[in-house]
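Colleague: From the sequence below, what's the structure:
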Amino acid sequence: MRTRLVLVVPVLLLALSGCGESAAPARPVGPGDAPTERTSLADLQTKLASIAQDECAITKNPAAVYPRCGRFVREVQNSTPAARADSKGLAIEPGVRSAADAVDAAVGQLARDQCTTPVGAGTPGPPQTCGPDLEALQAAVRALVTAVGPPA
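Modeller: Okay, the predicted model is just below:
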C-alpha cells in the first residue's frame, strides 16, 4: 500500500503541475491597470443606466410610488462608492463626486423622513414629504448618470 502511495503522489503532482497554465501571457491586474479601470467604469455606466430605468427613477408621481422604492434607494446608495472609485483620476471625477454627494444627501433625507421604511416595519413618512424627497433623488441619479457617461 505504501509503495503505491509513493508512486501515485508524484504522478498526481506532475499531472497537476500542467493544470492552470495558459497559452495567453499573464496580464497584471492591479490599481494601475488601465483596462480594469475602463472595465469597471463601463460596468458602472451599464449599472447606472439600468438603475435610471427603474420605475422609482422615472415616475412623474414620486409621492405615489415612494413606499415601493426601498430596493431602488439601496441600489442607488450602493452605486456611489463605486462611482467615486471608478472615476478617481479621470477627467470626470469632480462631476461624479459632486453627483454622488447629491445622491448620498438625497438618500439621507429619505431615511431621515422615514420614506424607505421596510415593508412591515412601520408606516412610511407622508407623501407630501417623501414625494419631494424621491424627486430630489431622481434628479441626483440623473446627474450621476450624466456625470459617469453613457454605457459604451
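
Colleague: residue contacts, Asp113?
Modeller: Gly125, Thr129, Cys130, Asp133 (Cβ atoms under 8 Å, 6 or more residues apart in numbering). From N, CA and C alone the C-beta is placed, and that goes for glycine too.

Colleague: for the residues you listed, which one is nearest Ala102?
Modeller: Asp133 (12.8 Å; Cβ to Cβ).

Colleague: which element is the closest one on?
Modeller: Following DSSP states H and E, one finds Asp133 within helix 127-148.

Colleague: pLDDT score for the residue nearest to the spatial centre of the chain?
Modeller: The centre of the chain sits closest to Ser79, judged by Cα atoms, centre = their mean, with a distance of 3.5 Å. Per-residue pLDDT puts Ser79 at 94.

Colleague: same check, this time on Tyr66
Modeller: Confidence score, pLDDT, at Tyr66: 91.

Colleague: circling back: who's in contact with the residue nearest to the centre of the chain?
Modeller: Here Ser79 is in contact with Leu44, Lys47, Leu48, Ile51, Val103, Leu144 (Cβ under 8 Å, 6+ apart).

Colleague: so how far is Thr123 from it?
Modeller: 28 Å (Cβ to Cβ, to the nearest Å).

Colleague: Then Gln138?
Modeller: 23 Å.

Colleague: ditto for Pro81
Modeller: Distance from Pro81 to Thr123, by Cβ to Cβ: 30 Å.

Colleague: More neighbours: which of the two?
Modeller: In this view Pro81 and Thr123 are compared by other Cβ atoms under 10 Å, and Pro81 has more residues nearby, 11 against 8.
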